[in-house]
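# Need coordinates for the following:
(chains A and B)
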Protein chains: 2
Amino acid sequence: MTSTLRPGPTNTLTDVAGLKVGHYHRVGAGWLTGTTVVLTPPEGAVGGVDVRGGGPGTRETDVLDPRNLVERVHAVVLGGGSAYGLAAATGVMERLADAKIGFPVGTVEGQVVPIVPAAVLFDLGRGGEFRATPGVEFGAAAYDAASVGPVELGAVGAGAGALAGDVKGGVGSASVVLDTGVTVAALAVVNAVGSTIDPATGELYGARFGLAGEFDGLRAPDESERAAAAEATTAVTGAGLGEPFHTTIGVVATDATLTKAQCQKLAGIAHDGMARAIRPVHSMFDGDTVFALATGAGPGLDPVAFNDVLAAAADAFSRAVVHGMLAATSAGAFRSYADIYPSAVKEWKRA
Amino acid sequence: MTSTLRPGPTNTLTDVAGLKVGHYHRVGAGWLTGTTVVLTPPEGAVGGVDVRGGGPGTRETDVLDPRNLVERVHAVVLGGGSAYGLAAATGVMERLADAKIGFPVGTVEGQVVPIVPAAVLFDLGRGGEFRATPGVEFGAAAYDAASVGPVELGAVGAGAGALAGDVKGGVGSASVVLDTGVTVAALAVVNAVGSTIDPATGELYGARFGLAGEFDGLRAPDESERAAAAEATTAVTGAGLGEPFHTTIGVVATDATLTKAQCQKLAGIAHDGMARAIRPVHSMFDGDTVFALATGAGPGLDPVAFNDVLAAAADAFSRAVVHGMLAATSAGAFRSYADIYPSAVKEWKRA
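Below is the predicted model of the structure:
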């Protein structure tokens, strides 16, 4: 069955009204890493998280437990640099505090604590310098770059150093507008021990979950390209670049009104979309983590309508992974899907 | 039944061989906050965590899930500054990375990611300046100050701005050597919405769990001091200092060999000791969090021996809370237990 649903205007996360996305990265001179921030409207968005990978690097995830007090988060930080990169969240907190955006805690207006959950992926050493990791300033710069415009995809922000299997990964995003008018969107930073590519055909696993027309131009790559890719993979691994650590991180968002517990469920279901697009996934050497955000501009949902949001979120995450792989560009020894399999993508253009 | 067990040589956390504790704080000119770091031996200690409060601020707690890959942590950071204070963990990570201490991830020796879980407490504005919070440099300074000597107690490090109810809180610590030779110890930073003091008698709840002689000199304060305290409490709350947010954080540690799952259990049981010493506790406005560390220098434990460690850890945490309250010194409007109830403590001296 082909879906009759359509993406939002940009087919990215910012189709959820009020969300902004900003990237900052450094590439070259030993660097190949970055930070991506998702900013909510000033009043925050109800948040959830699900950590499924065996090697997570996180910050401010306990606050998102549905049993706990604070319901709204003001930004989510996704970053490279493994646990070192958690520093970037401090830069975002500082910017938000300067703007007096956060959870009010003081006796004076504007005395706030910004709630900024974060998760990081492993890209250490991929640019050459092991300790070239995002610091506080990366978070501030990503914050300054944030906009409501279409999310820039590929080897940008947290995706600068991303690698899925032996293929260059990056930032992907997708959105869908449900029949109820509710928008659901995902942003994925694809950096996985596993692969996004079916070894039997060279196709991207997630492409089968596209909306009508979304991936129509894609086709299975030529046999000659697949043979060359298999050879190149062996060479790359042999060069010692096959370090075991990765991690895919992301955000799913909706403009519906959800409870904190519903956001936790939403984050969990997004991992199903990750599982359909990456195989193996959630390994002991991935720290796969997804955050959920509900801005609440739209209606609350009955169980059936909420269930539709869950299914759409899983598919949006799969689609975001595909867009990340298609938008990624080669970086040094790390070659992109489009460069490895030009025959697969030559008739496809992102709408 | 009076316990026949004895404390370790210093009756503090560093009685667990190999652990170091360091404090750094700033007091005055708007500041009243700080950071405390617990450093493990270079090879790390098996870690666990239990987050029980309704308003936690944490970093790197997901890595401690017993299902996940990394077993050993290299430091635990406890700090003031609410979520802003999580920045201090970055300073500790940098120092550890410079020393090549961490989880090995690279292709070259010394390429490590230090595992540094952190939790923070709320002390914002208590020194006068709302944004005067621990930054990266606080973590580095606490690291530089760390030693294997007796832990300094009271209004130091993360306890600089701590407040338990309306009474000055601080850093407390205690240890015990079990009949098996296993050492169990706790460090608590007492900063609670609730009180450590029984309103019926003015006594510290946790004092009844002391080892033989540990709190023998303490007695119920004079009626006149209790009446004055009740009056002063009203005045302080009336002055607008009764902001609702607090959080007690701490570490329990042992030299026994424990699994990661046992460490999670140990951290959870320590909260029972917190509950016996602070009432109410684990509120929606506390982010109460306890980490567990097992250095593994000693033996693995059968279920009965492990159960003895659990009971000892709960009591050690209660005792640590008492020592924190007794060691705390008044800071401005925040008066210490010893200053409020001089008759209670005049015959008590820490051994």
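# Report pLDDT for the residue sitting furthest away from the middle of chain A.
With CA atoms, centre = their mean as the measure, chain A has its most outlying C-alpha, relative to the mean C-alpha position, at A:T107: 36.9 Å. As predicted, A:T107 sits at a pLDDT of 81.
# Tell me if I am right that it is in a helix.
No: secondary structure assignment (DSSP: H, G, I helix; E, B strand; the rest coil) places A:T107 in coil, not in a helix.
# okay, how far is it across stretch A:114-132, tip to tip?
Stretch A:114-132 has an end-to-end distance of 27 Å (CA to CA, to the nearest Å).
# hmm, it touching chain B?
Yes: contact of stretch A:114-132 with chain B (CB under 8 Å from any CB of the partner chain) involves A:P114, A:I115, A:V116, A:F122, A:L124, A:G125, A:F130, A:R131. For glycine as for every other residue, the C-beta is placed from the backbone atoms N, C-alpha and C.
# buried set for that stretch?
In terms of neighbour count (16 or more other CB atoms under 10 Å in any protein chain shown), stretch A:114-132 has its buried residues at A:114-127, A:130, A:132.
# For stretch A:133-141, give the mean pLDDT please.
For stretch A:133-141, mean pLDDT is 98.
# residue boundaries of the helices in chain A?
Under the criterion DSSP state H, chain A contains helices at A:88-98, A:136-145, A:223-236, A:260-277, A:303-327, A:337-340, A:342-345.
# winner for burial among the ones you listed?
helix A:88-98 (a mean of 26; mean count of other CB atoms under 10 Å in any protein chain shown).
# Which elements pack onto that one?
With contacts taken as 3 or more CB pairs under 8 Å, 6 or more residues apart in numbering or on different chains; DSSP states H and E, helix A:88-98 sits against strand A:75-79, strand A:112-113, helix A:136-145.
# returning to what we had before: ok, so of the residues of stretch A:114-132 next to chain B, who is nearest B:G8?
The shortest approach to B:G8 among the residues of stretch A:114-132 next to chain B belongs to A:R131, at 37.7 Å (CB to CB).
# hmm, back to that, B:A87: which of the helices of chain A is closest?
Among the helices of chain A, helix A:88-98 comes nearest to B:A87, with 4.3 Å by CB to CB.
# from the middle of its chain, how far away would that closest one be?
Centroid separation for helix A:88-98 versus its chain: 20 Å, with CA atoms, centre = their mean, to the nearest Å.
# and the angle from that helix to strand A:75-79?
For helix A:88-98 against strand A:75-79, the angle by axes from the mean of the first three to the mean of the last three CA atoms, to 10 degrees is 150 degrees.
# Please save the CA atoms from helix A:88-98 in PDB.
Output of helix A:88-98 as PDB, limited to C-alpha atoms (Å, rounded to 0.1, in the frame of the first residue of the first chain):
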ATOM      1  CA  ALA A  88      28.100  22.000  23.700                       C
ATOM      2  CA  ALA A  89      24.900  21.800  25.800                       C
ATOM      3  CA  THR A  90      26.400  24.400  28.100                       C
ATOM      4  CA  GLY A  91      26.800  26.900  25.300                       C
ATOM      5  CA  VAL A  92      23.100  26.400  24.400                       C
ATOM      6  CA  MET A  93      22.100  26.800  28.100                       C
ATOM      7  CA  GLU A  94      24.000  30.000  28.300                       C
ATOM      8  CA  ARG A  95      22.400  31.500  25.200                       C
ATOM      9  CA  LEU A  96      18.900  30.500  26.400                       C
ATOM     10  CA  ALA A  97      19.600  31.900  29.900                       C
ATOM     11  CA  ASP A  98      20.700  35.200  28.400                       C
END
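# Average pLDDT for it, rounded please.
98.
# show me where the stretch 101-250 of chain A has strands.
Assigned by DSSP state E, counting those that start in this stretch, the strands in the stretch 101-250 of chain A fall at A:103-104, A:112-113, A:118-120, A:163-164, A:167-168, A:171-177, A:183-189, A:249-254.
# Neighbouring strands of the third one in the sheet, and parallel or not?
Same thing as strand A:118-120. Sheet pairing of strand A:118-120 (DSSP bridges) gives strand A:58-59 (antiparallel), strand A:75-79 (parallel).
# That one: how far from the chain's middle?
11 Å.
# and for that strand, what are the contacting residues?
A:51, A:56-61, A:76-86, A:88-89, A:247, A:249, A:287, A:289, A:291 (CB atoms under 8 Å, 6 or more residues apart in numbering or on different chains).
# Please name the residues that touch A:H23.
A:G34, A:T35, A:T36, A:A142, A:A145, A:E152, A:V156, A:G157, A:A158, A:V171.
# so who does A:A140 touch?
A:A140 makes contact with A:G91, A:V92, A:E94, A:R95 under the criterion CB under 8 Å, 6+ apart.
# Nearest residue to the last one in space, please, no chain neighbours.
Distance criterion CB to CB, 6 or more residues apart in numbering or on different chains; nearest residue to A:R95, sequence neighbours excluded, is A:Y143 at 4.3 Å.
# I'd assumed A:T35 was in contact with that neighbour.
No: A:Y143 is beyond contact range of A:T35, at 9.3 Å (criterion: CB atoms under 8 Å).
# and for those two, which residues touch both?
Common contact partners of A:Y143 and A:T35 (CB under 8 Å, 6+ apart): none.
# and stretch A:183-195, is it in reach of chain B?
No: in terms of CB under 8 Å from any CB, no part of stretch A:183-195 sits within range of chain B; the closest distance is 11.6 Å.
# could you give the mean pLDDT of that stretch?
Stretch A:183-195 comes out at a mean pLDDT of 98.
# what does stretch A:30-44 give?
Stretch A:30-44 comes out with an average pLDDT of 98.
# re earlier: between the contacts of A:H23, which sits nearest chain B?
Set against chain B, the nearest of those by CB to the nearest CB is A:T35 (13.7 Å).
# if I pick the closest one, what's in contact with it?
A:23-25, A:77-80, A:85, A:88, A:134, A:138-139, A:141-142, A:157-158.
# switch to 10 Å and redo it
Contacts for A:T35 (CB atoms under 10 Å, 6 or more residues apart in numbering or on different chains) come out as A:22-26, A:77-81, A:85, A:87-89, A:91-92, A:118, A:120, A:133-135, A:137-143, A:145, A:157-158, A:160.
# which residues pair with A:A45 across the strands?
A:V73.
# could you measure it against chain B, distance?
17 Å (CB to the nearest CB, to the nearest Å).
# By mean pLDDT, point me to the weakest helix or strand of chain A.
Lowest on mean pLDDT, DSSP states H and E among the helices and strands of chain A sits helix A:223-236, with a mean of 81.
# on contacts alone, who are the packing partners of that helix?
On a contact count with 3 or more CB pairs under 10 Å, 6 or more residues apart in numbering or on different chains; DSSP states H and E, helix A:223-236 meets strand A:167-168, helix A:337-340, helix A:342-345.
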